[in-house]
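*Asks:* here is the input, now give the coordinates:
(chains A, B, C and D, ligands or ions: 4)
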Amino acid sequence: NPSPSSEKSEGDGSKKLVVGVTMLSMQNEFIVNVNDEMTKKAQEAGIELITVDAERSALKQVEQVESFIAQKVDAIIMNPCEVEASSPAVAKALAAKIPIINVNSETSAKPSAFVGSDDVESARIAMKYIAERLGGKGNIVMMDGYMGQAAQLKREQGAREILKQYPNIKLLANQTGEWDRAKAMSLMENWIQSFGPQINAVFAHNDEMGLGAVKALTDAGMKDKVIVVSIDAIPDALQAVKKGTLDATVFQNAEQQGSKAIDTAIKAAKGQPYEKQTLVPFQLVTKDNLSKFLK
Amino acid sequence: MGVDQAYILRVSGLTKSFSGVKALDNVQLSLKQGEVHAVMGENGAGKSTFMKLLIGLLKPDSGEIIFDGNDLTASNVHDILKKGISMIHQEILAVPELTVAQNIFLGRETKTNLFSWLNDREITQQAGQLLEQMGLHIQPTAKMKSLSVAERQMVEIAKAISNNAKVIIMDEPTSALADHEVATLFGIINDLKTKGVAIIYISHKMDEIFAISDTITVLRDGKYIATKAASELDARSLITLMVGRELDTLFPDTVSKKGEEILSVKDISSAGKFSDISFTVHAGEVLGLAGLMGAGRTEIARAIFGLDRLTSGEIYLNGQKTDIQSPHDAIRQGIGYVSEDRKAFGFIPRLSVRHNITLSSLPQHVRGGFIQPKSESATTESMMADLRIKASSQQQQVTFLSGGNQQKVIIGKVLLSNPDLVILDEPTRGIDVGAKAEIYKLINQLTAKGIAVIMISSELPEILGMSDRVLVLSKGKQTAMLSRADATQEMIMHYAMQP
Amino acid sequence: MKNSITSYLSKPENSYKARIRGIGQYGLLIAFIVICLTLTTITPKFLTVQNLMIIVTQVSINALLAFGVTFVIIAGGIDLSIGSMVAVTGVVAASFAHPDTYPVAVPLLAGLVSGLLFGAVNGFIITRSKVPPFIVTLGTMTIGRGLALILSKGRPISNLSDSFNFLGGGKILGVPTLIIILIVLFIGCSIVLKRTVLGRYIYAVGGNEQAARASGIQLNKVKMVVYTLCGGLAALAGILLTSRITTGQPNAGTGFELDAIAAAIIGGTSTSGGTGTITGTLLGALLIGVISNGLDLLNVTSYYQQVVMGAIIIGAVVLDSMNQTNKG
Amino acid sequence: MKNSITSYLSKPENSYKARIRGIGQYGLLIAFIVICLTLTTITPKFLTVQNLMIIVTQVSINALLAFGVTFVIIAGGIDLSIGSMVAVTGVVAASFAHPDTYPVAVPLLAGLVSGLLFGAVNGFIITRSKVPPFIVTLGTMTIGRGLALILSKGRPISNLSDSFNFLGGGKILGVPTLIIILIVLFIGCSIVLKRTVLGRYIYAVGGNEQAARASGIQLNKVKMVVYTLCGGLAALAGILLTSRITTGQPNAGTGFELDAIAAAIIGGTSTSGGTGTITGTLLGALLIGVISNGLDLLNVTSYYQQVVMGAIIIGAVVLDSMNQTNKG
Ligand SMILES: Nc1ncnc2c1ncn2[C@@H]1O[C@H](COP(=O)(O)OP(=O)(O)OP(=O)(O)O)[C@@H](O)[C@H]1O
Ligand SMILES: Nc1ncnc2c1ncn2[C@@H]1O[C@H](COP(=O)(O)OP(=O)(O)OP(=O)(O)O)[C@@H](O)[C@H]1O
Ligand SMILES: [Mg+2]
Ligand SMILES: [Mg+2]
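*Replies:* Ligands and ions are numbered 1, 2, ... in the order given. The predicted model follows:
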């Protein structure tokens, strides 16, 4: 790791490196964690970060990148809102000869580098766990994220891939819980009315919804009989896994994504060689390996 | 006097009911060209409803309207206006944010295809000419909302007569006008008559009716009573037809004696509106405020009542200097105000008669934190009986009352707040003769009880008939204080026109 | 008909029809019943005590918000910040609700006070400036969301005490606390609106502000109280939501303002002020809740759920407005 | 002052102040300039041609929507479905915009027609039923969102032709197409509102519906046109957005309705109808855009951004309303 001082001298004299960062949503705990790590890392490296929140709007994200380009930042880190819709931003940055790094997920337009994980994979891991727990047979319900968003589409895709391999697992219903705990809780309550004891497992596209489902199932006295698995491994979810109410969650390494993204950005900005692709693997979290993740 | 004696408009069997209650029952009317045909009736008799049916704002339940050979019964306003009927509405119907000229030509812009071009310059010029012909000094480019009620009413008139209509309906066109403007209107009407235009004229002012109308049709409780030539009738017989009984004299004798001084204003001014006004009002006394339109009478009343702020001067109530910041303060200190603009300041349209009438005195009906419906209802009932308010029930929304009855509701509300001083701004505007006499009687009852009354009126007979003293204003300055004995129409006009 | 001269004073307004109209929205009630009957015939899962309790529970938080916003809309205003208030008050309450720290009254009060304060600030800006309530509360909506994120550092505040979680998640004699609270507040708000001076003044201010002022009503006072009350109800909703999902979330309540306003307006509150009832609003909220529950029970695909939901809501209100034959 | 007796009747309405007020919002303009000057002094990055172009580009889509909704609000209505229309029309346009399928006019027309139709349906329901526009368009907002998801099967529609992507993403002589389109529509909408009979009727209908009706204006016709127009503008926004982000997204435009309405109201359009200008709305949209851009340039943390954004908007409108000293 180059020290901050050497970095300054290597640049155009006294100027600090400036990196523009646009994040999917600062209201999402996981994204906040990635961002916190980036901020920490940037401070250590002595570079300046301009962090903006795209508030889940691809249009806004494209505009923010345009603004970065106008400000002549040295590199851009983009946590894309959408696979396709955020792509023009990549094209624009590259056209302006500014390296642009995708963090967490990737746009369809090839960025300078990608640091993150494949959302499809996380759902595969989660669904596989459910299928194995059910012994390849049973009824499940699936809670989708906000319809049409990249994460929802990919997680749904991964889950369905696995479901195809288990013809005896029946998908009773899937509905959106809009990433939201309260909405998911209401949805689960309604499903309990609708399907009752038929439900053997719940797969939720994120932990918030998973925890909402857990709450509804617990209230209905059904939690012992239903497996609930979700994605993200937020602290609440880890606690729930510890208590045994949430059966499993899928850990995505925010720290690594954040720090690797900064590393890559610095290298790219300085014109040094860098990894085009850094894949941070997902890990299934259950009671058995929980201690590794609890801090 | 008409050019052609053929009937231009024939109405028969017209019936209209609102939620099962008949507002108009089998009414008929035949209108000749060049005729001024008055439609008379008490408040709530159904006159406005009748006119709204004619102009197509309401659809009749049954009946027939034949205009110029066409059956208009099923037509809408848009078509009827085009066919040549126009109307001055009792409720001034203007778009406040548009200019005077834009209001006058609304719906009749040079070409009324939705996508055609506007020519505001031409409209403004035409409106300017029109207003000038009518002897009005209103800027055609002024926004409608910046005009006084009287000015708005004149604009409404200008709008109706500029439509080149064959029939013009005038529903209380003079309710907000002073005498000289009424004279202007009559000049216009006579001019229209000679051109063969027929006019349906509604007013509660008897002298106007006899001055202008050729024929009179009377309605009572929604029913057709009679149609007579104006020459066959006099005020007394007309009133009898309208109310179905004989009526006493209009102005009752005053018997109240002057008591303590209630209100005293010293050198009050309000920038650009009025300046250096000083007067007193005593218990049991009626002080009349006279002046031409725009003299500033309303502004003085509003300032005393706390609706507007004073720039200088002092107000004493019962000998004590007061600082009234809002109507809330004024009411608490015993002042009541009946505004000339009843739609804007008078009532809450969607609330019931009961809820409107108790609005300023609501705490009187509260026990243990809750409003007691029984007490509220009893009070309302007796006030409705006292003022002879005609409504289907206490629960009827005030917006559906006839104009005169709305006015009575407002007066009722003010009276219930137990004022020491009542300011009545054009209190009989739009009120029928019967009710007028009742309101005068009421004013005397108030003074008899020791309440002080300030009455603003543009009707000189009313000022002369009711006031103990008359304060005359001209352009925001007080020009005379006349005692009852001294006051005559000529004197008042003289001082009102002082520069 | 009576024969007295004053018979016109007592026209049959106090009739059956009028009384029902007084209850709220006659046509809406019919629409509501039709929808419930339809669901009952389609699926046996709908008309069970348990399912009905669940619907009411789910509806309750929106209903509390809708009650608050009903006051505001009747008074001629609007409050877009209620969703953000849910977040702020929820986060504040959660901060004080960790086990073994404070008794449950503390988070409850802290949440309530923050909501009342927030509402009072809305009221203050609206009454002191001439800025339209739409802009003021749109501004405080944004500010409130930011505050909730700042206070919580963008993370959910979890690990709340059992006694706190009981508030919105418990049951008393088998009845969910949320239902009990909803009933109490329904009665309370109805009484305030119908039987108190404040309620009458709210109608008057919304019906004709100028005339209300000229009748001696202190507009600013009434508006302050109304926005503060709305803040208080939003706080309650925020606290109960936090308790129900056992976590204080900075992004809780996003979009709740539209649902609450929709409930009020479906229930017959006019956007131009001056009319509306708490009963109507409750009916509006229940209607939304029943449709949403029914669509889930029938397992209608997400995409089509939205289409059906929108269509039924419009349909119900069309039916309602057709029933009110005249404007009376 | 003139000496004639009637001098009081001709208040100096045509004075300097009134003329400036005619331009739009005097105070808002000041607020806007103050904010721009402040940003210029704080950061050199603000006042560059490139940054200003970016701001206008960013503002343009919201401005188009805001123009449409300005018509609707002036006419006394509201349209909450514009965000959903953006999604529907974007998805429709994208479906026809794959390379080597149709010429670019086809997606453009398809999108426009779908938006006009959507708007016409809004107008139809609103004029035929007595249901408040708020509820109707809230319903069609939900329906529209569902439709967009159904049409796109819940997936973004990508791989669009270059000529289509040029519409909202290209430049002509160095000026982004969005800016050019914005200017053209700004002029067009201003003219419609100020210089055509339709514009006059829009003001009249919103200013006093009864008076408009009594003047022979056909309310339903005007309202139909207004909602259809709003749909057309929303379609344009949807198509341009799709072109700019090179993909038709079923969840595009979520929440856009609030931004657009905010721009209109900040710009002086009254929620109760009858007043407002396109210039004011543009200024409102620019204000939001400049603040948002400035906060990003100054690198204000996102949570605090929301607080500051809300506060500045309220502040700007407070300043504006203080400037309009009297109600005249
Ligand atoms: N829209 C309505 N709904 C219910 N009742 C109505 C409606 N419009 C009028 N009415 C009732 O019809 C009757 C006739 O009212 P109208 O306004 O025609 O009286 P009017 O003769 O014009 O009285 P005024 O001299 O006071 O103007 C009244 O009792 C009134 O309450
Ligand atoms: N809202 C307003 N905005 C601007 N000017 C107004 C307004 N109201 C009244 N004026 C003007 O103020 C002046 C004083 O009007 P005011 O109503 O006090 O007169 P008045 O003596 O009561 O006459 P009247 O009641 O007969 O019209 C008039 O020139 C009027 O045009
Ligand atoms: Mg009448
Ligand atoms: Mg006056």
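*Asks:* ok, how many other residues are close to A:Thr176?
*Replies:* As a burial measure, A:Thr176 scores 26 neighbours (other CB atoms under 10 Å in any protein chain shown). From N, CA and C alone the C-beta is placed, and that goes for glycine too.
*Asks:* need the nearest residue in space to it, chain neighbours excluded.
*Replies:* In space, A:Thr176 comes closest to A:Asp144 once its chain neighbours are excluded; the distance is 4.4 Å by CB to CB, 6 or more residues apart in numbering or on different chains.
*Asks:* for chain A, what's its nearest residue on the stretch 151-300 of chain C.
*Replies:* C:Asp296 (3.6 Å; CB to the nearest CB).
*Asks:* kindly apply the preceding question to chain B instead.
*Replies:* Counting by CB to the nearest CB, chain B gets nearest chain A through B:Phe115, at 32.7 Å.
*Asks:* what sits against that residue?
*Replies:* Applying CB atoms under 8 Å, 6 or more residues apart in numbering or on different chains, we find B:Phe115 in contact with D:196-198.
*Asks:* out of these, which is nearest to B:Thr488?
*Replies:* Ranked by distance to B:Thr488 (CB to CB), the contacts of B:Phe115 are led by D:Val197 at 52.5 Å.
*Asks:* so who does the residue of the stretch 201-350 of chain B found nearest ligand 4 touch?
*Replies:* Nearest residue of the stretch 201-350 of chain B to ligand 4, counting by CB to the ion: B:Thr298, 3.0 Å away. Contact partners of B:Thr298, counting by CB under 8 Å, 6+ apart, are B:148, B:340, B:425, B:456.
*Asks:* hmm, B:Gln153 and the second one touching each other?
*Replies:* No. Proximity of B:Glu340 to B:Gln153 does not meet the contact threshold set by CB atoms under 8 Å, at 11.3 Å.
*Asks:* what do these two both touch?
*Replies:* By CB under 8 Å, 6+ apart, the residues touching both B:Glu340 and B:Gln153 are B:Ala176.
*Asks:* now the residue in the stretch 201-350 of chain B positioned nearest to ligand 2: which helix or strand?
*Replies:* Closest contact between the stretch 201-350 of chain B and ligand 2, by CB to the nearest ligand atom, is at B:Thr298 (3.1 Å). Assessed by DSSP states H and E, B:Thr298 sits inside helix B:297-304.
*Asks:* after that helix, next one along is what?
*Replies:* Taking DSSP H and E, what comes next after helix B:297-304 is strand B:312-317.
*Asks:* mind saving the C-alpha coords of that next one as CSV?
*Replies:* This file holds the C-alpha atoms of strand B:312-317, laid out as CSV (Å, rounded to 0.1, in the frame of the first residue of the first chain):
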residue,chain,number,x,y,z
SER,B,312,-53.2,55.4,13.6
GLY,B,313,-56.0,56.5,16.0
GLU,B,314,-57.6,55.2,19.1
ILE,B,315,-60.7,53.2,19.8
TYR,B,316,-62.6,53.3,23.2
LEU,B,317,-65.1,50.7,24.2
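*Asks:* which elements pack onto it?
*Replies:* strand B:261-270, strand B:320-322 (3 or more CB pairs under 8 Å, 6 or more residues apart in numbering or on different chains; DSSP states H and E).
*Asks:* parallel or antiparallel, which strands does it pair with?
*Replies:* Paired neighbours of strand B:312-317 in the sheet (DSSP bridges): strand B:261-270 (antiparallel), strand B:320-322 (antiparallel).
*Asks:* strands along chain A, start to end?
*Replies:* For chain A, the strands defined by DSSP state E occupy A:18-23, A:48-53, A:75-78, A:100-104, A:113-116, A:138-144, A:169-176, A:201-204, A:227-232, A:248-251, A:277-279, A:283-285.
*Asks:* pick the most deeply packed of those.
*Replies:* Stretch with highest mean neighbour count among the strands of chain A: strand A:75-78 (a mean of 30; mean count of other CB atoms under 10 Å in any protein chain shown).
*Asks:* does chain D have contacts with that one?
*Replies:* No. Strand A:75-78 lies out of reach of chain D by CB under 8 Å from any CB of the partner chain, never closer than 13.0 Å.
*Asks:* now do that strand, average pLDDT.
*Replies:* Averaged over strand A:75-78, pLDDT sits at 96.
*Asks:* direction included, what does it pair up with?
*Replies:* Here, using DSSP bridges, strand A:75-78 pairs with strand A:18-23 (parallel), strand A:100-104 (parallel).
*Asks:* can you pull the contacts of C:Ile266?
*Replies:* Contact analysis of C:Ile266 by CB under 8 Å, 6+ apart lists C:28, C:283-284, C:287-288, C:313, C:316-317, D:135.
*Asks:* break down the stretch 151-300 of chain B into its strands, ranges please.
*Replies:* With DSSP state E, counting those that start in this stretch applied, the stretch 151-300 of chain B shows strands at B:167-171, B:198-202, B:215-220, B:223-229, B:261-270, B:274-282, B:286-291, listed in chain order.
*Asks:* name the stretch among those that sits most buried.
*Replies:* strand B:286-291 (a mean of 27).
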